[in-house]
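A.B. asks: Fold the following.
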Amino acid sequence: CVDQVVQDGMEEMSLTPFHSASIGTLVRSQVSSDVYQAPLDVISDSNYNNSNSNNAKKLTGELLQQHPDGNVIHAVPLLEYILIPRGKRGFQQFHSFVENWTRIRADSQMLLKTSGCLAAAQEGLHHCTNTGGGTHSTTAEILFTGTGSAIPCKHRNVSGIYVRMENGNAMFLDAGEGTVGQLLRAKQQTLQGNETTEDTVGARTLEKIKAVWISHPHADHHLGILRLLAEKRKLSSGDGQCPLILIGPPNLLAFLKEYEQIDPSVVGSYTFLDCQSLKGSVAGSVNEDEIIQRLKLELGISSLVAIPVAHCRHSFAVVFHTTSFGSLAYSGDCRPSNVFAQVAKGADILIHESTFADGMEAEAVLKRHCTVGEALSVAQKMNAKTTLLTHFSQRYPKIPPLPTSSNSTTTTSIMKFIPVFDFTRITPANLEVAAQSIHFLRMLYPVDDNSSKENDGDDIMDVPGLFARSDLL
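C.D. replies: Residues are numbered from 1 along each chain as shown. Just a heads-up that it's a prediction; the model follows:
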């Protein structure tokens, strides 16, 4: 649907694949800007007409000029370098850049109008107001920096979940490659006038990250930790701050120690805590107990427990108690776990992987992941109040086929579940809006819109069990 609108309006202009991803973020932000952020919208109405804003200064083209000290270009989102034809080789001209963004915004508005999504959302969400009032924290949030599996694609980055507490401190649940960049793009969107700078916002955001939980040792869940550790070390140099608490499987520590021999920028930037020490039945050392106490103090939680799950070796789910959202449970990558459902019984927020659509149970078993229906079954057994579905196969770039009360064994008609996108922002106040918004997003993404024709490399992705075949490993 998005691509068709783009094609109809782009007869004289060829857009890169990333433009359709930009359109996706823009249309979702129009449904609910509080839930769905659009950090790449550098030509918004507010900054396009404000010559004094930081973004407007960028758009004057001054920062696109060559740096006097060398071949350095100050880029902005979606700035393009043309390789062919040779006659046009180089960075796109400023007027072309603005024209691209103007056309993207126009196509976004056309899609919203033709799909009927915006009108329906305005009517449907009119009585669905934020439930914050004076009782909920305005600081706490869950921000998804990546919601895809295995490898990044144009619509979904790999796993990363930023959780900020009421006291302003934060943690990450997994950190795949590109996690830091995604977080900073989302946070820089909140800049207002000249009150602060992007560097200041980035520094403040990273300084407040006190812990990272790595659920298992697969690269799409931990490669982003390298940049985060390096940035944290630079920020904390000489200021007496405690190192970041890194909770992960034991082989993650082995990886980091080997990496430190090549790149010393992460040395001394973290205090490591083995997930196995949080299983409850395992007695921790004095040093581990001290780390756990510091973790509780900095995040304002009362306890946390790790639950071994079936995926790869050293895979864990986790439950945090008395967060700003209440009890928060995160599955990591796994098959459905009755033990996890029991330990996290009554969770206020469940974040669960849902890699495959229903009907691909054999594939889910082979790769040790969950289907959407299996994830919701865990939520039902857990009696979770709200379930956030993430870690989708890249064959579902926009929205996966979701079960309804008529075709599912789970009670989806009464369950509150939200399939999330990159830059989805959940707060204690906007949970109801987020849950209702999904009904209108389905109007943007009809079932047949997830056709494999739209996905780069889906001929490979659609072969059952391809990446589990021993002859390819």
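A.B. asks: which residues does Val378 contact?
C.D. replies: Residues in contact with Val378 (CB atoms under 8 Å, 6 or more residues apart in numbering) are Ser331, Pro336, Ser337, Phe340, Ala341, Leu350, His352, Cys370. Glycine gets a C-beta too; all of them are placed from N, C-alpha and C.
A.B. asks: let's see it at 10 Å
C.D. replies: By CB atoms under 10 Å, 6 or more residues apart in numbering, the contact set of Val378 is 317, 329, 331, 334-338, 340-341, 344, 350, 352-354, 370, 384, 387, 410.
A.B. asks: Which ones among these lie within strands?
C.D. replies: Assignment to strands by DSSP state E places the following of these there: Ala317, Ala329, Leu350, His352, Glu353, Thr387.
A.B. asks: okay if I get the residues you listed as TSV plus pLDDT?
C.D. replies: Below are the ones in strands among the contacts of Val378 laid out as TSV (pLDDT from 0 to 100):
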residue	pLDDT
Ala317	98
Ala329	98
Leu350	98
His352	98
Glu353	98
Thr387	97
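A.B. asks: Now, of those residues, which are buried?
C.D. replies: Neighbour-count burial (16 or more other CB atoms under 10 Å) applied to the ones in strands among the contacts of Val378 gives Ala317, Ala329, Leu350, His352, Glu353, Thr387.
A.B. asks: Go through those residues and name the one nearest Gln394.
C.D. replies: The closest of those to Gln394 turns out to be Glu353 (CB to CB; 13.7 Å).
A.B. asks: What ranges does the stretch 1-150 of the chain have for its helices?
C.D. replies: 2-9, 17-31, 45-48, 54-59, 94-115, 117-124 (DSSP state H, counting those that start in this stretch).
A.B. asks: gap between the longest one and the chain center?
C.D. replies: In terms of CA atoms, centre = their mean, to the nearest Å, the centre of helix 94-115 is found 24 Å from the chain centre.
A.B. asks: other SSEs contacting that helix?
C.D. replies: Secondary-structure packing of helix 94-115 (3 or more CB pairs under 10 Å, 6 or more residues apart in numbering; DSSP states H and E): helix 2-9, helix 17-31, helix 45-48, helix 54-59, helix 117-124, helix 431-444.
A.B. asks: which stretch in those is the model least sure about?
C.D. replies: Per-stretch mean pLDDT for those is lowest at helix 2-9 (a mean of 39).
A.B. asks: what's near enough to touch the closest residue to Phe440 other than its chain neighbours?
C.D. replies: Sequence neighbours aside, Ala121 is the residue nearest to Phe440 in space, at 4.1 Å (criterion: CB to CB, 6 or more residues apart in numbering). If you count contacts by CB under 10 Å, 6+ apart, Ala121 has them with 30-32, 112, 128, 433, 436-437, 439-441, 443-444.
A.B. asks: Narrow those to those that are buried.
C.D. replies: Neighbour-count burial (16+ other CB under 10 Å) is assigned, among those, to Gln30, Val31, Ser32, Leu112, Cys128, Val433, Gln436, Ser437, Phe440, Leu441, Met443, Leu444.
A.B. asks: nearest to Phe423, of the residues you listed?
C.D. replies: Phe423 has its nearest neighbour among the buried ones among the contacts of Ala121 in Ser32, at 11.9 Å by CB to CB.
A.B. asks: Distance check, the nearest residue to the closest one once chain neighbours are set aside against Ala375.
C.D. replies: In space, and not counting its chain neighbours, Ser32 is closest to Ser437: 5.0 Å by CB to CB, 6+ apart. Using CB to CB, to the nearest Å, we find Ser437 at a distance of 19 Å from Ala375.
A.B. asks: what does Gly268 give?
C.D. replies: For Gly268, the distance to Ala375 equals 39 Å [CB to CB].
A.B. asks: Compare the two and say which is more crowded by neighbours.
C.D. replies: More neighbours surround Ala375 than the other of Gly268 and Ala375, with 30 against 13 (other CB atoms under 10 Å).
A.B. asks: May I ask you to confirm that the more buried one is in contact with Glu353?
C.D. replies: Yes - between Ala375 and Glu353 there is a contact at 6.6 Å, judged by CB atoms under 10 Å.
A.B. asks: Now render the buried ones among the contacts of Ala121 as JSON lines, adding distance to Gly160.
C.D. replies: Formatted as JSON lines, the buried ones among the contacts of Ala121 follow (distance: CB to CB, whole Å):
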{"residue": "Gln30", "distance to Gly160": "24"}
{"residue": "Val31", "distance to Gly160": "23"}
{"residue": "Ser32", "distance to Gly160": "21"}
{"residue": "Leu112", "distance to Gly160": "28"}
{"residue": "Cys128", "distance to Gly160": "28"}
{"residue": "Val433", "distance to Gly160": "23"}
{"residue": "Gln436", "distance to Gly160": "25"}
{"residue": "Ser437", "distance to Gly160": "21"}
{"residue": "Phe440", "distance to Gly160": "26"}
{"residue": "Leu441", "distance to Gly160": "21"}
{"residue": "Met443", "distance to Gly160": "28"}
{"residue": "Leu444", "distance to Gly160": "24"}
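A.B. asks: what's the closest of those residues to Gly178?
C.D. replies: Leu441 (23.5 Å).
A.B. asks: Was I right to think the closest one contacts Leu118?
C.D. replies: No - look at Leu441 against Leu118 with CB under 10 Å: they stay out of range, at 11.1 Å.
A.B. asks: Now do the shared contacts for the two.
C.D. replies: Val27, Val31.
A.B. asks: Glu298 and Ile245 touch, don't they?
C.D. replies: Yes - counting by CB under 10 Å, Glu298 touches Ile245, with 7.9 Å between them.
A.B. asks: which residues do those two both contact?
C.D. replies: Met171, Lys210, Ala211.
A.B. asks: secondary structure class for Phe320?
C.D. replies: Following DSSP: H, G, I helix; E, B strand; the rest coil, we place Phe320 in the strand state.
A.B. asks: so what's it bridging to?
C.D. replies: Beta-bridge partners recorded for Phe320 (DSSP bridges): Leu304, Leu328.
A.B. asks: That one: neighbour count?
C.D. replies: By the criterion of other CB under 10 Å, Phe320 has 27 neighbours.
A.B. asks: cool, Gly248 as well?
C.D. replies: Neighbourhood size, Gly248 [other CB under 10 Å]: 26.
A.B. asks: Next one, pLDDT for the closest residue to it other than its chain neighbours please.
C.D. replies: Spatially, and ignoring its direct neighbours in sequence, Gly248 is nearest to Ile214 (3.6 Å; CB to CB, 6+ apart). Listed pLDDT for Ile214 reads 98.
A.B. asks: ditto for Ala254
C.D. replies: For Ala254, pLDDT reads 96.
A.B. asks: so who does it touch?
C.D. replies: Neighbour list for Ala254: Pro217 [criterion: CB under 10 Å, 6+ apart].
A.B. asks: if we can go back for a sec, need the contact list for the residue nearest to Gly248.
C.D. replies: Counting by CB under 10 Å, 6+ apart, Ile214 has contacts 159, 172-175, 221-222, 224-225, 246-249, 252, 275, 314, 316, 332.
A.B. asks: Can you flag which of those residues belong to helices?
C.D. replies: Taking DSSP state H as the definition of helices, these contribute His221, His222, Ile225, Leu252.
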